[in-house]
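> Got a predicted model here, sequence first, then my questions.
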Amino acid sequence: MRAARPTVGPLRIGNASGFYGDRFDALREMLTGGPLDVLTGDYLAELTMLILGRSRLKDPSRGYATTFLRQLEEGLGLAHDRGVKIVANAGGLNPAGLADAVRALAAKTGVPVRVAHVEGDGLPVPEGFLTANAYLGGAGIAACLRAGADVVVTGRVTDAALVTGPAAAHFGWGPDDLDALAGAVVAGHVLECGTQATGGNYSFFRNHDVRRPGFPLAEIHSDGSSVITKHPGTGGVVDIGTVTAQLLYETGGARYPGPDVTARLDTVRLHRDGPDRVRISGVRGEAPPSTLKVGLNRLGGWRNEVVFVLTGLDVEAKAALVRTQFADALERADRPPAEVTWELSRTDRPDAETEETASALLRLVVRDPDPDAVGRSVSGAAIELALGSYPGFHVTAPPGKGSPYGVFESVYVPAKEVEHVAVAPDGTRTVLPAPAVTRDLDAVAQPPLPPPPPEGPVRTVPLGLVAGARSGDKGGDANVGVWVRSDEAWRWLAHTLTVDRFRALLPETAGLEVVRHVLPGLRALNFTVTGLLGEGVAAQARFDPQAKAVGEWLRARRLPVPVSLLEPTPAPEVSA
């Protein structure tokens, strides 16, 4: 039996970046806004790795997030003065290069910091691909911090690893502290997207002042429980709803797998802990899978886009005319595109008071492996129609020559085949072993549903009057999390929003695999939709390529709702 550890105070971990391009001054705000022990930054979305891959083709010394360096020009000194350690995955495809750049910056500014990095995620790149990176866990980060690092930069790690690594180093957790690690994973998942946890992109934004939400922080305790909050005086809100929304973002079923631990989302319990404070407790962990996810990025080809504006009467006939004319032009081209898609968005209104609201948009997207096939033949055809097509012909922007698009794929490799390396400030290299105990993922039995609500009067209204939603992407798949704020509403939602009802409300999901996951502790349902996004965000195959607004589309759909749920009720203090 392991000896009891001495009591250690909570570790305050803040986040200052949810993606490459997030609010530049957030790093300074987090360092100066209140007490903090560790500041993290997440810069690596799936699309970012493709962007960095193309950057590295032009300059092999790059491949990392240069914004992070510019933020450190001031932030490095602030962090040193306040004793705050910085952990960021801004290293991208070149963490060693970024670590050297941080050291050079430290020498230039006279800030005496010790810099370490984590590497090993970069795997041999298969033929035809630009990048291949395994999603590492937090063990390398923990090793760097234990070696005395003040700044740790990594390549591709899981977003939650930015929290599990510092927490494991601070509390002395080992790989068998599964519940504690799982609690840190959940806290890390809440923090990873920055202001999405503090009122950003929030269904019930009208109830709060979210004009400039502050970035979140977590007070992590030795048992893995945490309190999600933000610095005093910053904008936005932290409540059970904002935390629930982020917990559902880009997740699936009850098992949330990672390299360090598999967290059981069906064990999460949320409690209000005061103004802008939500306590996360009860999280259980299981051994991680024996494999690591590997993200692969490649250039999928070339695309071009033209948006025609159709104003006033006969919108459908105008769309049919320009499609026929364009098809004829492409047939006469030397090299027509391999893929041609059209989408008519009826943004027009009858008897509109402005020209813009009287107009619909007809979007043409072409794709081909050959840039010439989507370039001049397409833009030239659009321009040549200008004086000989439908009345009122114009486009939203001049047609261009086309641009490359990417494709993200994921595969899995045995964790023991990936060399996870922590490079300490003195250059010492430590290879972190793969977990000795693993567990294959299998589906969790669906929990029993609550009793159905009693029959009563209903009114056909948008779902969003009673439910919140948050949606996102994983490669070509989408997830839509839906939650409610009372037990009465949960009884109704659990029995009403079935897979069949979901498909009926969102016809674009018809014919796709839809799986419903039930999370009673969060009063939530999480739907995963396979293939909705085609080849993923970089391919831009869909109007909303990251499925960011699918949840809001669902909330706008109408269905019969019990009248009793439409009466305002105070938010409960506990999630279950």
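Okay, I see it.
> ok, then the element right after the biggest strand by length in the chain?
Taking DSSP state E as the criterion, the chain has its longest strand at strand 291-311. Downstream of strand 291-311, the next assigned helix or strand under DSSP states H and E is helix 315-331.
> Would you mind writing the CA trace of that following helix as CSV?
Output in CSV follows, covering the C-alpha atoms of helix 315-331 (Å, rounded to 0.1, in the frame of the first residue of the first chain):
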residue,chain,number,x,y,z
VAL,A,315,-34.3,33.1,-57.4
GLU,A,316,-34.6,29.4,-58.3
ALA,A,317,-34.8,30.1,-62.0
LYS,A,318,-31.7,32.4,-61.8
ALA,A,319,-29.8,29.7,-60.0
ALA,A,320,-30.8,27.1,-62.6
LEU,A,321,-29.6,29.4,-65.4
VAL,A,322,-26.2,30.1,-64.0
ARG,A,323,-25.6,26.5,-63.2
THR,A,324,-26.5,25.5,-66.8
GLN,A,325,-24.2,28.2,-68.2
PHE,A,326,-21.4,27.2,-65.9
ALA,A,327,-21.7,23.5,-66.7
ASP,A,328,-21.5,24.4,-70.4
ALA,A,329,-18.4,26.5,-69.9
LEU,A,330,-16.7,23.8,-67.9
GLU,A,331,-17.5,21.2,-70.5
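> Let me see the contact set for the residue lying closest to residue 523 once chain neighbours are set aside.
In this structure, residue 523 finds its nearest non-sequential neighbour in residue 490, 4.2 Å apart by Cβ to Cβ, 6 or more residues apart in numbering. Bear in mind the C-beta positions are built from the backbone N, C-alpha and C, glycine included. Contacts for residue 490 (Cβ atoms under 8 Å, 6 or more residues apart in numbering) come out as 450, 484, 520, 523.
> Can you give me the neighbour number for the nearest residue to residue 463 once chain neighbours are set aside?
Nearest non-adjacent residue to residue 463, counting by Cβ to Cβ, 6+ apart: residue 555, 5.2 Å away. For residue 555, the count of nearby residues is 20 (other Cβ atoms under 10 Å).
> ok so residue 555 is a helix residue?
Yes. Membership of residue 555 in a helix is supported by DSSP: H, G, I helix; E, B strand; the rest coil.
> Verify the stated contact: it with residue 203.
Yes. Using Cβ atoms under 8 Å, residue 555 is in contact with residue 203, at 6.4 Å.
> and for those two, which residues touch both?
With Cβ under 8 Å, 6+ apart, residue 555 and residue 203 have common neighbours 464, 467-469.
> Can I get these in JSON lines including distance to residue 294 and secondary structure?
Formatted as JSON lines, these follow (distance: Cβ to Cβ, whole Å; DSSP: H, G, I helix; E, B strand; the rest coil):
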{"residue": "464", "distance to residue 294": "37", "secondary structure": "helix"}
{"residue": "467", "distance to residue 294": "36", "secondary structure": "coil"}
{"residue": "468", "distance to residue 294": "33", "secondary structure": "strand"}
{"residue": "469", "distance to residue 294": "30", "secondary structure": "strand"}
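> Please tell me which one of the residues you listed counts the most neighbours.
residue 467 (26 neighbours).
> so that one sits right up against residue 493, yeah?
Yes. Contact criterion Cβ under 8 Å: residue 467 and residue 493 qualify, at 6.3 Å.
> Quickly list what's touching both of the two.
Contacts common to residue 467 and residue 493, judged by Cβ under 8 Å, 6+ apart, are 482, 484.
> Checking my notes, residue 504 in a helix, right?
Yes. Under three-state DSSP, residue 504 sits within a helix.
> What distance do you get for the closest residue to residue 282 other than its chain neighbours to residue 551?
Spatial nearest neighbour of residue 282, chain neighbours left out: residue 269 (4.1 Å); criterion: Cβ to Cβ, 6+ apart. From residue 269 over to residue 551 the distance is 23 Å, taken as Cβ to Cβ, to the nearest Å.
> Which of these two has more residues huddled nearby?
A direct count of neighbours by other Cβ under 10 Å for residue 269 and residue 551 places residue 551 higher, at 27 against 15.
> hang on, that one in a helix?
Yes. Residue 551 sits within a helix when classified using three-state DSSP.
> Helix or strand: which one has residue 383?
Going by DSSP H and E, residue 383 is in helix 376-384.
> All set now, cheers.
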